[in-house]
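Colleague: Here's a sequence, model it:
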Amino acid sequence: MEDDKYAKELDVAVRAVHMACALCQRVQEGLVSASIDQVKSKDDDSPVTIADWSVQATVSWILSEFFGNQNVSIIAEEDVQALSEADSVGLLQAVVNTVNECLAGAPKYGLKSPSEALTTSQILEAISQCNSVGGPKGRHWVLDPVDGTLGFVRGDQYAVALALIEDGKVVIGVLGCPNYPMKKELLNYHYQYHEAMSKSSPPSPDIWERGCVMYARKDSGHAWMQPHIHGDKKFEWPNSAKLIRVSSIDDPALATSCEPVERANSNHSFTEGLAHSVGLRKKPMRVYSMVKYAAIARGDAELFMKFARAGYKEKIWDHAAGVVIVEEAGAGTLLVYEAICTIPIDCCGGIFGEDK
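Modeller: You can find the predicted model right below:
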C-alpha cells in the first residue's frame, strides 16, 4: 500500500469489509431455507438480521485485535437488546456460529483468527463495544454492518460501510457492495437478480463479477474498487484494484439520479417534480443503501437526491464512508458535488450528522 499515516488502518479496514461481505453473502443465501427466524424488527420497525449483529461483532473484534481494545472507539448501529430476549436463544446461537465461521476464515484475507472460538459472552461484548458516541476529538471508527437491511432481506442491494473519523473529519472510507456488479453493463441484469433466483439458477459470480469493495483515503485524490474474493481464492493486495472516477456528464438531460427505493425514506413525488424542474429526463436509479454512493463514485449515476420526512435525523454511519469515496473519486472538483452533498455531514456531533 501507499506510504501514509493511515496505511495500516486502510489495509485492515479493506480486509475486514471483504470478510464482512463474504459473511453477508452466506447469510443472504441461507435466508430462504433458514429453520429459524433470522429477521427481527427494531423499535422503529426497520429490520435487523443475524448478518447485522454478526458483521458488527466480527469487525469489532478485528479492529480491537489490531489496534488495541482500549484504543478503539467504534460508532455502530446495532445493540444486543433483541439478542438478549428470552425468545432469541436460537437467533443468538446463529450469530455466534456465523461470527466464528467468519473469523475462522480470516487467514484467507491476510488477517489473524482467534486462537479458539469466541464464546457467546465475548461476541455480545464485541457487539456492545460499538457504543461510542463519537465527538470532535480523537479517532472514531464508524460502522454500518448492513446498510439497506430491507434490500438485503429481499435479495437486492445492500452495503457494508466502515469509515475512520479523526478530529471530526472522515479520513478513510470503505464500502462493500456484495451484489453490485463490477461492470456497469450488468446493472440491468443485476436488479432482477432476486427475481431470477426463484426461477432459475443464476450464473456464477465469476461470470458476471458480482460484488465489489470501494475505498479511499481523504485528500489522496484517488478512489479504488476491488472485486470480491470468490471461491478458494485468497486476498492479496492490491487484489486487482481499479481506479474509479465520477461521471463527467454535466448536462441534466443526460444525467441519472439515485434515490431510495422506499417511499418512507424519501419523498418520491417531490423528487420527481424537482428533477423535472432542473432538466433531468432519465428514469432515476432507485436503489437500497449506500450503493447509491458507489454508483456515483464509479460514474454509473451523477446525482443523489433524498428528501427525508420532517424530523428525521441522518446518522453518520449512513454517509461517512460513501461521502469520502465520492469526494476522492473526483466529485470535489465537479459541479455534481453540490447535488450529492449540498450541506456536508458534520461528523463532530456524534451519532447524528448535523447540518453545518
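Colleague: What ranges in the protein fall below the confidence cut-off?
Modeller: 1-3, 32-38, 42-46, 185-208, 264-265, 332-356 (pLDDT under 70).
Colleague: so where's the longest strand in it?
Modeller: In the chain, with assignment by DSSP state E, the single longest strand is strand 169-181.
Colleague: list the helices and strands that strand packs on?
Modeller: Secondary-structure packing of strand 169-181 (3 or more C-beta pairs under 8 Å, 6 or more residues apart in numbering; DSSP states H and E): helix 7-30, strand 159-166, helix 187-190, strand 210-217, helix 291-297, helix 320-328. All C-beta spots, glycine's among them, are computed from the backbone N, C-alpha and C.
Colleague: Out of those, which gets nearest to residue 253?
Modeller: Closest to residue 253 of the helices and strands packed on strand 169-181 is helix 291-297 (C-beta to C-beta; 18.0 Å).
Colleague: and the helix or strand that that closest one is followed by, how far out from the chain's middle?
Modeller: Scanning forward in sequence from helix 291-297 by DSSP states H and E, the next helix or strand is strand 303-304. Centroid separation for strand 303-304 versus its chain: 17 Å, with C-alpha atoms, centre = their mean, to the nearest Å.
Colleague: In TSV, list the helices and strands packed on strand 169-181 along with mean neighbour count and distance to residue 72.
Modeller: Output for those, formatted as TSV (neighbours: other C-beta atoms under 10 Å; distance: least, C-beta to C-beta, whole Å):
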stretch	mean neighbour count	distance to residue 72
helix 7-30	21	11
strand 159-166	27	11
helix 187-190	14	35
strand 210-217	26	19
helix 291-297	28	25
helix 320-328	29	16
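Colleague: Minimum distance to residue 73: which of those has it?
Modeller: Nearest to residue 73 among the helices and strands packed on strand 169-181 is strand 159-166; the distance by C-beta to C-beta comes to 9.2 Å.
Colleague: could you check the angle strand 210-217 makes with that closest one?
Modeller: 10 degrees (axes from the mean of the first three to the mean of the last three C-alpha atoms, to 10 degrees).
Colleague: Parallel or antiparallel, list what pairs with strand 159-166.
Modeller: Note on strand 159-166: by DSSP bridges, its sheet partners are strand 139-147 (antiparallel), strand 169-181 (antiparallel).
Colleague: May I see the buried residues of the host helix or strand of residue 276?
Modeller: In this assignment (DSSP H and E), residue 276 forms part of helix 268-277. Residues 268, 271, 275 are the ones in helix 268-277 that count as buried (16 or more other C-beta atoms under 10 Å).
Colleague: Can you redo those as JSON lines, where the extra columns are distance to residue 225?
Modeller: Shown next, in JSON lines, are the buried residues of helix 268-277 (distance: C-beta to C-beta, whole Å):
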{"residue": "268", "distance to residue 225": "29"}
{"residue": "271", "distance to residue 225": "27"}
{"residue": "275", "distance to residue 225": "27"}
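Colleague: Go through these and say which is closest to residue 100.
Modeller: residue 268 (42.1 Å).
Colleague: for the closest residue to the closest one other than its chain neighbours, phi and psi?
Modeller: The shortest distance from residue 268 to any non-neighbouring residue, by C-beta to C-beta, 6 or more residues apart in numbering, is to residue 259 (7.0 Å). Main-chain dihedrals, residue 259, degrees, to the nearest 10: phi -150, psi 160.
Colleague: wait, what's in contact with residue 259?
Modeller: Counting by C-beta atoms under 8 Å, 6 or more residues apart in numbering, residue 259 makes contact with 266, 268, 271, 284-286, 292, 304-306.
Colleague: can you do 10 Å?
Modeller: Shown in contact with residue 259 (C-beta atoms under 10 Å, 6 or more residues apart in numbering): 265-268, 271-272, 275, 284-287, 292, 301, 303-307.
Colleague: which SSE is residue 51 in?
Modeller: Assigned by DSSP H and E, residue 51 belongs to helix 50-67.
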